[in-house]
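Novice: Could you work out the structure for the sequence below:
(chains A and B)
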Amino acid sequence: MTDHSTTLIDLTPFTADHCLKCNICTSACPVAPVTPLFPGPKTVGPQAQRLRLPGEPSPDHSIDYCSGCGICTQVCPHGVRVMEINTQAKAVMTQTHGMSPRNWFLSRNELWGRLGTPFAPLANFGVGNRWLRLIVEKTFKVSARGPLPGWAGYTFRGWWKREIKRRPRPQSAPDAQRVVYFHGCSTNTYEPHIGKLAVAVLEHIGLHVEIPPQTCCGLPAQSNGDFKAARRYARTNIESLVEYARRGIPIVGTSASCITAIKGDYQHVLGLDDEDALLVAANTYDFMEFLARLDHEGRLPRDFQPIEAELPYHAPCQLKAHGMGRPALDVLDLIPGLRCWEIDADCCGIAGTYGYKAEKREIAEAVGRPIAEQVSAAGARLVVCDTETCRWQITSLTGAKTVHPVELVALAYGLTVDRYTPPLRAGTAAHAAVGGL
Amino acid sequence: MTTTSVDVLIIGGGATGAAALYDLARRGVRALLVDQLDFTTGTSGRYHGLLHSGGRYAGRDLETARECIVENRVLRRIVPFAVEDTGGLFVATPADPADFPARWLDGCAKAGIPAEPLSAAQARAAEPALTHDITAVYRVPDGSVDSFDMIHGFVAAARDLGGDAWIYQQVTALLREGDAVVGATLRDTRSGEARTVHAACVLNATGPWAGAVAQLAGLNVSVKFDRGAMIAMNTRWVNTIVNRLRPAADGDILVPVGTVCVLGTTSVHTSAPDDYRVEAWEVSKILAEADVVVPGIRNGRALRAWAGVRPLYEPPQAGHDEAQGREVARTFSVLDHAVLDGVRGLVTVTGGKLTTCRLMAEKAADAVCAQLGISAPCSTADEALPIPAATAGRYHRLDHRLHKLEHGEMPGDLICECEMITRPQLEAAIAAYGGQPVALDDLRRDLRLGMGPCQAGFCGVRAAGILQAVRGQASAEATAALGAFVDERFRGVRPLLWGHQLRQLYLDELIYRRTLGLDRLPDEGVSQATTAAPGEEAAHG
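Specialist: Numbers count the residues shown, from 1 in each chain, chains lettered A, B, ... in the order given. Prediction:
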């Protein structure tokens, strides 16, 4: 049964109809002020949208410099989905002109994350070697200064397989006490400790954790205009997750950007608006959002040990796109002694794969400069942030170490995992921990 | 008073007059075209943009239907830069009479209009905005035509061949010598300068004003005025022309043209050639009818409403009951007053459709040439016109400006953001007027300045500043020019003040009244057209 009540006016491109040209999006755009190459979200978004002809080759060029951070969509007072319009236009551009090998490569970090794992020492030498990076920059246009994380040498999924063999979990939990963990590619191959800590925290809360098969959320492919690949990834995830969503089991993830893709982009950018996709979207939560929700329901244990520290927090653009406030700050505020303050800046500049592109690296660094300045002014040596590429970017801009908020929650619960050194010590009253290691 | 002599004086700078200027120039006849305002300011500029396949008339007026399909093909050939090949659909819904499609198909076959049946699914695949309730749908070779570009094309091509055209020239009298019209006196409505033009023949191509002009020679031409309202939607809901497949009625067409989608139209008998009122019921009716074939469109953003006056003419000898509005045939008439009234030197052409303008011009020019004893035949039907400089590289396609802008072919500041007009384009358009006065509204017709969603809210003040700098205008003059432009834009939005367009207008008002204080700036009596209070405007629509 098709729902005939939806009209074109409900679809992303038609939200351009609401634009009053007020320029609020252009004033808020972090990219436009730092480069003349990007005329701003209004210009390439709702304004250009009126002059795009469906089914025709892309007339666009400058839209390639849109980082896709989505701040424009958040600030629009009239409901124009500016970033989504831009991303769709980028896809037409990719269709028209084809995809560069570099962009294809950046769109498939799921693949090279897995391929690099068995060769981690060699691969890590490669990404750490300045000369090799310069050669890659010259040949593939991947910036030598783009912060690459390094492979962990094992995968989170592999660890989980071994872990449940070693310590089988009882299977009797009712659905109300189950939770699905969406780890994302980065946690799987570069930062497995975040997944391990997330599992530890969820189990400490008393939930039965399920980690069904999953693949890349599709966001890197989507940002690079490869909608075919993005939809393929999205469909794989939806098919794997929908049975849990049907049972009302929440799906939570520690990468705010993967989660924003599942929650919003699948529908508004990729146009996947079938029942399954919408059901999965409605049952998916950012990890810290989920903890804040549990706390609201009185289900979050408050057995936190104090952490005496004052830490800057950066809310990634993708997290702001959830439209849910700052749940990480709400939860971290429950930890005695811990004082987190939000950095007054919109975007760190990396915007997924954007800041890795040689021609955009300078822009990405200029966008992130206010963060670097505030971190430096505060003398902070540790920064809290919910998504991986933002963390790596902040480290590269500031030299400070970065953590996911789940690391602090685990620390406060006294939880740790193997092959992991906590960034701080909990339970001490010493002020030595302020802002640093 | 200056005096000029030409072979033929054409009165009326609409589609027919411009095509006649071109036609006569090709026959080697020295012609001059004059218009009381700018080109395309009458019926030709106040239509929905449809290049008829003839399908609209297949049910009732086979002669017009045949003319349309033939001329449709001719215009695609000769003014391709002004035509967008959108194709057209005729869509029947359960609300429409079930026996109509068969009759209509029969008419199409008789008129030679190809009508290809589609399945509802095929139609919806091509145009996802269409309703799910389709009982029959056919594809026809409709198109859209930008009358501004086409008329500029005719005029430019005629000028290349020795013709000329003057705008803002009001005809104050037709010169009579015995039983012959031998020219006209003109008054420049901008400078007040008077001129005399001697001509061996005058062609009255003034559409709804044909009666008024004939009256200047003491002749009676009875033109009926039929007003039709149209609404431009902000975006192209459809990229194919969508017609209701039913007997002609109000609100039965959607035309994607340029950046907008025009919904039309009504048919109201009126008593003046410039009755451009848009009444509330017309707006509601058009939106409600469009919503039947494109559900949701009535909640979309309506940009502007306007009305045009169709000149309908029925030869007096027809002898049957007075027909009105849609019952009057949409074919055209060429009146040779030498034959009809014994007055030589005057030919009137009226009625017809924009789609048949070239044919109307051909028949009118034939009558003119017969009077002048010129035997050169019409040769306008085959050869493509050169692309006029004003529209050079501005092929009539939605994405063209964006492509040029994005690929560095339109350098300079972006002045009108909605329609993508740059400072150099604006300066060139101003320069094209030489020493003649130029209003912002003239630049609008040349460039589409201020015709987008914000209706000059953002570009008006920028363009006024550039005009002032280029022309060295005094502040009061620039204030008056801006005031007149903003008022004219507001007039077209007035019938649509709800929802998104109301928000837009409120923002525009804040910019012009609160920030710039336009209504409090002294214009020192430069023009009375500025910043009229809403109450005053309502009186003349």
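
Novice: For chain A, what's its nearest residue on chain B.
Specialist: Nearest residue of chain B to chain A: residue B:296, at 2.6 Å (Cβ to the nearest Cβ). C-beta here means a position set from N, CA and C on the backbone, and glycine is covered the same way.

Novice: and chain A, what are its domains?
Specialist: Split into domains by automatic domain parsing, chain A comes to A:11-97, A:302-433.

Novice: Quick one: closest of the ones you listed to residue B:415.
Specialist: Shortest distance between residue B:415 and the domains of chain A, using Cβ to Cβ, is found for domain A:11-97: 13.0 Å.

Novice: Quick one: end-to-end distance for that closest one.
Specialist: End-to-end distance for domain A:11-97, by Cα to Cα, to the nearest Å: 25 Å.

Novice: Let's have the domains of chain A in TSV, adding mean neighbour count and distance to residue B:164.
Specialist: Output for the domains of chain A, formatted as TSV (neighbours: other Cβ atoms under 10 Å in any protein chain shown; distance: least, Cβ to Cβ, whole Å):
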stretch	mean neighbour count	distance to residue B:164
domain A:11-97	21	35
domain A:302-433	20	53
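
Novice: Can you check which of those domains gets nearest to chain B?
Specialist: Across the domains of chain A, chain B has its closest neighbour in domain A:11-97 (3.5 Å, Cβ to the nearest Cβ).

Novice: I'd like to know which of the domains of chain A is closest to residue B:457.
Specialist: domain A:11-97 (6.8 Å).

Novice: and the most far-flung residue of chain B relative to its centre, backbone torsions?
Specialist: In chain B, counting by Cα atoms, centre = their mean, residue B:178 sits farthest out from the average C-alpha position, at 36.6 Å. For residue B:178, the backbone dihedrals (degrees, to the nearest 10) come out as phi 60, psi -120.

Novice: now it: how far from residue A:140?
Specialist: Separation of residue B:178 from residue A:140 (Cβ to Cβ, to the nearest Å): 88 Å.

Novice: Can you name the residues that contact the residue in the stretch 151-300 of chain A positioned nearest to chain B?
Specialist: Closest residue of the stretch 151-300 of chain A to chain B, Cβ to the nearest Cβ: residue A:271 (11.4 Å). For residue A:271, the contact set (Cβ atoms under 8 Å, 6 or more residues apart in numbering or on different chains) comprises A:11, A:12.

Novice: For residue A:72, see how far away it is.
Specialist: For residue A:271, the distance to residue A:72 - Cβ to Cβ - is 20 Å.

Novice: Please apply the same query to residue A:125.
Specialist: From residue A:125 to residue A:72 the distance is 40 Å (Cβ to Cβ).

Novice: And for residue B:196?
Specialist: Residue B:196 sits at a distance of 61 Å from residue A:72 (criterion: Cβ to Cβ).

Novice: Enumerate the residues of the stretch 51-200 of chain B near chain A.
Specialist: Proximity of the stretch 51-200 of chain B to chain A, by Cβ under 8 Å from any Cβ of the partner chain, involves residues B:128, B:129, B:132.

Novice: what about the last one, is that helix, strand or coil?
Specialist: It stands for residue B:132. Recorded secondary structure, residue B:132: coil (DSSP: H, G, I helix; E, B strand; the rest coil).

Novice: Give the phi and psi angles for it, as a check.
Specialist: Dihedral angles (degrees, to the nearest 10) for residue B:132: phi -80, psi -20.

Novice: thinking it is in contact with residue B:94, fair?
Specialist: No - contact between residue B:132 and residue B:94 fails when scored by Cβ atoms under 8 Å: they sit 10.9 Å apart.

Novice: number of nearby residues for the residue of chain B closest to chain A?
Specialist: By the other Cβ atoms under 10 Å in any protein chain shown criterion, the neighbourhood of residue B:296 contains 17 residues.

Novice: confidence score at it?
Specialist: On pLDDT, residue B:296 comes in at 90.

Novice: The residue nearest to residue A:273 when sequence neighbours are not counted: helix or strand, and which one exactly?
Specialist: Closest residue in space to residue A:273, ignoring its immediate chain neighbours: residue A:267 at 5.0 Å, by Cβ to Cβ, 6 or more residues apart in numbering or on different chains. Here residue A:267 sits within helix A:266-268, counting by DSSP states H and E.

Novice: How about residue B:154?
Specialist: Counting by DSSP H and E, the element that carries residue B:154 is helix B:147-160.

Novice: Mind listing what's buried along that helix?
Specialist: For helix B:147-160, a neighbour-count test (16 or more other Cβ atoms under 10 Å in any protein chain shown) marks B:147-159 as buried.

Novice: Reformat those residues as JSON lines; add pLDDT.
Specialist: What follows is the buried residues of helix B:147-160, written out as JSON lines (pLDDT from 0 to 100):
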{"residue": "B:147", "pLDDT": "91"}
{"residue": "B:148", "pLDDT": "88"}
{"residue": "B:149", "pLDDT": "88"}
{"residue": "B:150", "pLDDT": "94"}
{"residue": "B:151", "pLDDT": "95"}
{"residue": "B:152", "pLDDT": "91"}
{"residue": "B:153", "pLDDT": "93"}
{"residue": "B:154", "pLDDT": "97"}
{"residue": "B:155", "pLDDT": "96"}
{"residue": "B:156", "pLDDT": "94"}
{"residue": "B:157", "pLDDT": "96"}
{"residue": "B:158", "pLDDT": "97"}
{"residue": "B:159", "pLDDT": "96"}
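
Novice: Report the two of those residues separated the most.
Specialist: Greatest spatial distance in the buried residues of helix B:147-160: B:147 and B:159, 18.3 Å, computed using Cβ to Cβ.

Novice: Can you give the distance of the helix or strand encompassing residue B:25 from its chain's centre?
Specialist: Assigned by DSSP H and E, residue B:25 belongs to helix B:15-26. Between the centre of helix B:15-26 and the centre of its chain there are 16 Å (Cα atoms, centre = their mean, to the nearest Å).
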